[in-house]
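In: Sharing a model that was predicted from the sequence below.
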Amino acid sequence: MAGQVLGAPLILDARIRSAVRIKGAEAANVAAGRARFYVEADVTALIRGSNAVSTRIGYVADLPLNERGREPKLKKQRVLLFARPVAGRSDQIQLAGLDGQRTWAPELDALVRGLVRETIAADAPPAITGVVNAFHVPGSLPGEGETQVFLQTANGAPVSLQILRRPGEQPRWAVSLGDIVDESAGPPRANTLLWYRLACGLPRTLPPESLESADPATAATAREDYTLVLRALGPCA
């Protein structure tokens, strides 16, 4: 959903008024198991968008058929639409992807609206494009130390990871947005834009050139701490 929200400059809450199946040459490239429809819908809410949109819109959608190969029942269905505006036509939109129409559900609505708020915020977390450098500094006690990982971002904004080790305790990690390292920030909450940026943007292993230390032991600890962060985040699903 984060990928869809980021890729759709226009997100609408709408109710389908009518749907007409398109056949023949105009539907020649439709994927198997789907059918093409021209849909008209009444807009009930503009969730994201800077362009004026008519209260009634039209769009083309390639929608999955049911298990019997029949057309889905679309009339009066409430949907979320992830789309792009059509220049000069406030009554037309273009879906931003194959699944640009999704059946409305309260959980989906809440997730999408939360992601939109985070995406348009002035301090929105940037896309992660790589690792600049990483190092581990041992503490004065056995088993004590700190690993810092500085990340490369699409807009150049500073983002870093900190992993703290204390004797007899589980390692703790945090992510900082900005030049000041904030060890109290903690990990990101699941299903937030920051979680998505990290889980889906971090490389699966620390690049060898990013490790500053020539000492094999501290380099191994830095790699181990980085793997700990990846496991805590979970897969980019």
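Out: Nice, thanks for sending it over.

In: make it CA atoms for all contacts and neighbour counts henceforth
Out: Fine.

In: In this structure, what residue spans correspond to helices?
Out: For the chain, applying DSSP state H gives helices covering 2-6, 106-120, 193-201, 216-233.

In: tell me the most buried of these?
Out: helix 193-201 (a mean of 21; mean count of other CA atoms under 10 Å).

In: Can you name every helix or strand that that helix contacts?
Out: helix 106-120, strand 128-138, helix 216-233 (3 or more CA pairs under 8 Å, 6 or more residues apart in numbering; DSSP states H and E).

In: Export the ones you listed as JSON lines, with columns for distance to residue 55.
Out: Converted to JSON lines, those look like this (distance: least, CA to CA, whole Å):
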{"stretch": "helix 106-120", "distance to residue 55": "19"}
{"stretch": "strand 128-138", "distance to residue 55": "37"}
{"stretch": "helix 216-233", "distance to residue 55": "41"}
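
In: want to throw those into a markdown table with distance to residue 76 and mean pLDDT?
Out: Below are these laid out as a markdown table (distance: least, CA to CA, whole Å; pLDDT from 0 to 100):
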| stretch | distance to residue 76 | mean pLDDT |
| --- | --- | --- |
| helix 106-120 | 17 | 95 |
| strand 128-138 | 40 | 94 |
| helix 216-233 | 39 | 93 |
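
In: Out of the ones you listed, the one nearest residue 9 is which?
Out: helix 106-120 (10.1 Å; CA to CA).

In: Provide the contact partners of the closest one at residue level.
Out: 1, 2, 5, 6, 47, 48, 80, 124, 125, 191, 192, 193 (CA atoms under 8 Å, 6 or more residues apart in numbering).

In: where does this structure dip in pLDDT?
Out: 181-184, 214 (pLDDT under 70).

In: how's it carved up into domains?
Out: Residue ranges for each domain of the chain read 2-120, 128-233, as given by automatic domain parsing.

In: Strands of the chain, residue ranges please.
Out: Taking DSSP state E to define them, one finds strands in the chain at 10-22, 34-48, 56-64, 78-86, 89-95, 101-103, 128-138, 145-153, 159-165, 172-177.

In: Give me the buried positions along the fifth one.
Out: Spelled out, it's strand 89-95. 90, 91, 92, 93, 94, 95 (16 or more other CA atoms under 10 Å).

In: In JSON lines, list those residues along with distance to residue 157.
Out: Shown next, in JSON lines, are the buried residues of strand 89-95 (distance: CA to CA, whole Å):
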{"residue": "90", "distance to residue 157": "35"}
{"residue": "91", "distance to residue 157": "38"}
{"residue": "92", "distance to residue 157": "36"}
{"residue": "93", "distance to residue 157": "33"}
{"residue": "94", "distance to residue 157": "32"}
{"residue": "95", "distance to residue 157": "31"}
